[in-house]
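# What would the 3D arrangement of this be:
(one chain, ligands or ions: 1)
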Amino acid sequence: MTQIKTIASKPFSDQRPGTSGLRKKVLVFQQPHYLENFVQATFNALGGVKDKQIAVGGDGRFYNLEALQIIIRMAAANGIKKIMVGRNGILSTPAASCIIRKYKLDGGFILSASHNPGGPDGDFGIKFNTTNGGPAPEKVTEKIYQESLSLTSYLSLDNPDIDLDHNAAFTVGDMQVEVFDPVGDYADLMAEIFDFDLLAELMQDPNFSFCFDAMHAVTGPYADEIFVNRLKAPLSSLLNCTPKPDFGGGHPDPNLKYAADLVKIMFADKAPVFGAASDGDGDRNMVLGDNFFVNPSDSVAIIAANAHLIKGYKNGLKGLARSMPTSCALDAVAEDLGIDCFETPTGWKFFGNLLDAGRLSICGEESFGTSSDHVREKDGLWAVLCWLNLLAAKKMSVRDIVNEHWQKFGRNVYSRHDYEEVDSDIAHEIVDDLKKRLSKLKGCKFGPLEIAQADDFSYLDPIDGSLSENQGLRLLFKDSSRIILRLSGTGTSGATLRLYFEKVEKESTQMNLDAQTALAPLIELAEKLTSLKKLTSRSEPTVIT
Ligand code: G16
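The predicted structure follows:
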């Protein structure tokens, strides 16, 4: 039997998981014992993992393969009974959720820093998902952090690196290892939810054209299997579909700035009818029409409003949910359908309890995340398939589907301004300063805008009663406009400040106004109240969505 070794280590003080797991520069993770400590802290926080079964895989970024081998050795040394490893170390975040649920595993590690850049100078990340397939809730991530603060050793064993290139089953120590196809089970799940015959027909329609950009990240193999092999889309529909450790030098974040290849195609003359992209680990999506951007907050609302057209949801929806900064477009749909719409803090983990309790079917976030109760993660390709389904069923363009929705529900004109890599002290000062003034802002009038409520959002989970405080500063106006300010929990350099703006437009002739123009009074007011640009010496946001 292979000898289990106790390896001396030292506690690290910076391993508190953020919005979605632990994300740091690759160089931080490459420090001796750094990754190992987090993995051992996770095992300890779970009360030990003897005889448990887990999955592991990642988005293919730099350090993915080395990290996998470390985790496999540590899993064996900690008494895990079986580990399922995605072939080539690949496993998208939604596919990991699917696998954990389908094979009733006790959880899994996902190795990804999501949409953050990769490569030796880029970012790496790790998060643990629990037996429901969803990100560990705060009580677990906090326990991991507490464990990490006092950890002085971890368990491993001497075993050569294992071959991850082929499907195979073997043992490491007493642990069974199964290297499996990371795509098949997920593609099968999609085939259960969507009518693939309908979608294949759309792909053959001479008036239809489609472009999917995997941004050199994990969804490439999934897109190949689903769109090309199963739906018979031409191979030329796929862009950047080979996962690369550095994502081709790009920033695998599907937004108007970073998905530049796709944006160029979709905003050209004779653009395809439909375009979409997903991020590093495959949980985000961006949806575009011919010269048209679909705001993610609108996207989830439109999917929910039309869900009866999708095979998997034709019997109705249990409820809806959105994160607090996401626009209230979804609330209007919930009201129309006569179902609940929950408002949770930013972070997919907050949807988990509601999904497990059967209280909601579809949920989404402004940060390009949309999904349903089929998994416990957001799911980029699922959202793309929803849109393909709507296009096939409604026989309308993307632009017309969005306009039809706005005409019925009104338009929640929306934009997010990100200020990335801001000096951390300055960023905290800006937030703290506004926070101190919140109580005095209620009732203040700025031209036609009157603040009806000003607070720091907190969330009482209706299922387990847990309270999450300090989740973002909200200025809520009498006319339903909103300004939100919060610090991102996913950046790795300095701090990222996010400002969110929303205004409800019911006047049908004003629906197509440019969002930045329509929101200009709110954008100006935010600067007046925070002096954000002045204090950060920035003339404009890093990214505008
Ligand atoms: C993660 C979370 C999302 C969150 C997003 C942005 O997504 O899972 O719930 O909305 O980060 O968070 P923040 O505004 O704190 O940066 P991903 O795709 O990065 O895993």
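# For stretch 179-190, which residues meet the burial criterion?
179-180, 182-183, 186-187, 189-190 (16 or more other CB atoms under 10 Å). C-beta: built from backbone N, CA, C; applies to glycine.
# Looking at the residues you listed, which are in helices?
Those of these mapping onto helices are 186-187, 189-190, per DSSP state H.
# Dump the buried residues of stretch 179-190 into CSV; add pLDDT and distance to the ligand as well.
CSV is the format used below for these (pLDDT from 0 to 100; distance: CB to the nearest ligand atom, whole Å):
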residue, pLDDT, distance to the ligand
Val179, 98, 25
Phe180, 97, 23
Pro182, 97, 18
Val183, 98, 20
Tyr186, 98, 17
Ala187, 98, 21
Leu189, 98, 20
Met190, 98, 19
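# Now for these: which two are most distant?
Put simply, by CB to CB the two of the buried residues of stretch 179-190 set farthest apart are Val179 and Met190, 22.4 Å from each other.
# Flag the shaky bits of the protein, pLDDT-wise.
The model of the chain has pLDDT under 70 over residues 1.
# what does it have sitting close to the ligand?
By CB under 6 Å from any ligand atom, the residues of the chain that approach the ligand are 19-20, 114-115, 279, 283-284, 323, 346-348, 365, 367, 369, 488-490, 498.
# Now, of those residues, which are buried?
With burial judged by 16+ other CB under 10 Å, the buried subset of these is 19-20, 114-115, 279, 283-284, 323, 346-348, 365, 367, 369, 488, 490, 498.
# Residue ranges of each domain in this structure, please.
Taking automatic domain parsing as the criterion, the chain consists of the domains 4-182, 186-409, 411-544.
# Just the buried positions in the helix or strand hosting Gln69, please.
Element membership for Gln69 (DSSP states H and E) is helix 64-77. For helix 64-77, burial by neighbour count (16+ other CB under 10 Å) applies to 64-65, 67-77.
# Which of the residues of the chain next to the ligand fall in strands?
Counted as lying in strands by DSSP state E, out of those, are 323, 365, 369, 498.
# For Pro252, see how far away the second one is.
Shown here: Glu365 relative to Pro252, a distance of 17 Å by CB to CB, to the nearest Å.
# How far off centre is stretch 477-484?
Distance of stretch 477-484 from the chain centroid (CA atoms, centre = their mean, to the nearest Å) equals 25 Å.
# scratch that, stretch 326-346 is what I was asking about
On CA atoms, centre = their mean, the centre of stretch 326-346 falls 19 Å from the chain's centre.
# ok, and for that stretch, which residues are buried?
By neighbour count with 16+ other CB under 10 Å, stretch 326-346 contains the buried residues 326-334, 337, 339-346.
# try stretch 38-51
The neighbour-count check on stretch 38-51 (16+ other CB under 10 Å) flags 38-46, 49 as buried.
# end to end, how far does it reach?
20 Å (CA to CA, to the nearest Å).
# swap in stretch 451-463?
31 Å.
# go on, stretch 537-545?
Taking CA to CA, stretch 537-545 runs 21 Å from one end to the other.
# So that it lines up with my notes, have the first residue be 2 from now on.
Sure, I'll start numbering at 2, so the last one becomes stretch 538-546.
# residue boundaries of the helices in the stretch 102-251 of the chain?
139-149, 185-194, 197-205, 220-224 (DSSP state H, counting those that start in this stretch).
# between those, which one is nearest to Ala56?
Nearest of these (CB to CB): helix 185-194, 10.6 Å.
# Compute the inter-axis angle for the closest one and helix 197-205.
90 degrees (axes from the mean of the first three to the mean of the last three CA atoms, to 10 degrees).
# Going by neighbour count, which residues of the helix of greatest length in the chain are buried?
Assignment by DSSP H gives helix 425-442 as the longest helix of the chain. For helix 425-442, the buried set under the neighbour-count rule, 16+ other CB under 10 Å, comprises 427-428, 431-432, 435, 439, 442.
# Please apply the same query to stretch 515-531.
For stretch 515-531, by 16+ other CB under 10 Å, it's 516, 519-520, 523-524, 526-527, 530-531.
# Out of these, list just those in helices.
Per DSSP H, the buried residues of stretch 515-531 map to helices at 516, 519, 523-524, 526-527, 530-531.
# Could I get the full set of strands for the stretch 152-301 of the chain?
Ranges of strands in the stretch 152-301 of the chain, per DSSP state E, counting those that start in this stretch, are 154-158, 169-173, 176-181, 211-214, 239-240, 275-279, 286-290, 293-295.
# and the third one, what other elements does it pack with?
Using 3 or more CB pairs under 8 Å, 6 or more residues apart in numbering; DSSP states H and E as the contact criterion, the neighbours of strand 176-181 among helices and strands are helix 65-78, strand 83-91, strand 169-173.
# now with 6 Å?
strand 83-91, strand 169-173 (3 or more CB pairs under 6 Å, 6 or more residues apart in numbering; DSSP states H and E).
# Any idea how many residues pack against Asn168?
10 (other CB atoms under 10 Å).
# That one: what's it in contact with?
Residues in contact with Asn168 (CB atoms under 6 Å, 6 or more residues apart in numbering) are 180-182.
# need the contact list for whatever residue of the stretch 52-201 of the chain ends up closest to the ligand.
Closest to the ligand within the stretch 52-201 of the chain is Ser115: 3.3 Å, counting by CB to the nearest ligand atom. Remark: with contacts taken as CB under 6 Å, 6+ apart, Ser115 is in contact with 280-282.
# where does it fall, phi/psi-wise?
Reported as degrees, to the nearest 10, the phi and psi values for Ser115 are phi 50, psi -120.
# Please work out which of the helices and strands packed on strand 176-181 is packed deepest.
strand 83-91 (a mean of 23; mean count of other CB atoms under 10 Å).
# hang on, the earlier thing: redo the buried residues of stretch 180-191 as a markdown table? Include distance to Arg88.
Shown next, in a markdown table, are the buried residues of stretch 180-191 (distance: CB to CB, whole Å):
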| residue | distance to Arg88 |
| --- | --- |
| Val180 | 5 |
| Phe181 | 6 |
| Pro183 | 6 |
| Val184 | 9 |
| Tyr187 | 13 |
| Ala188 | 14 |
| Leu190 | 18 |
| Met191 | 19 |
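# Closest to Pro222 out of those residues?
Nearest to Pro222, judged by CB to CB, of those is Val184 at 5.4 Å.
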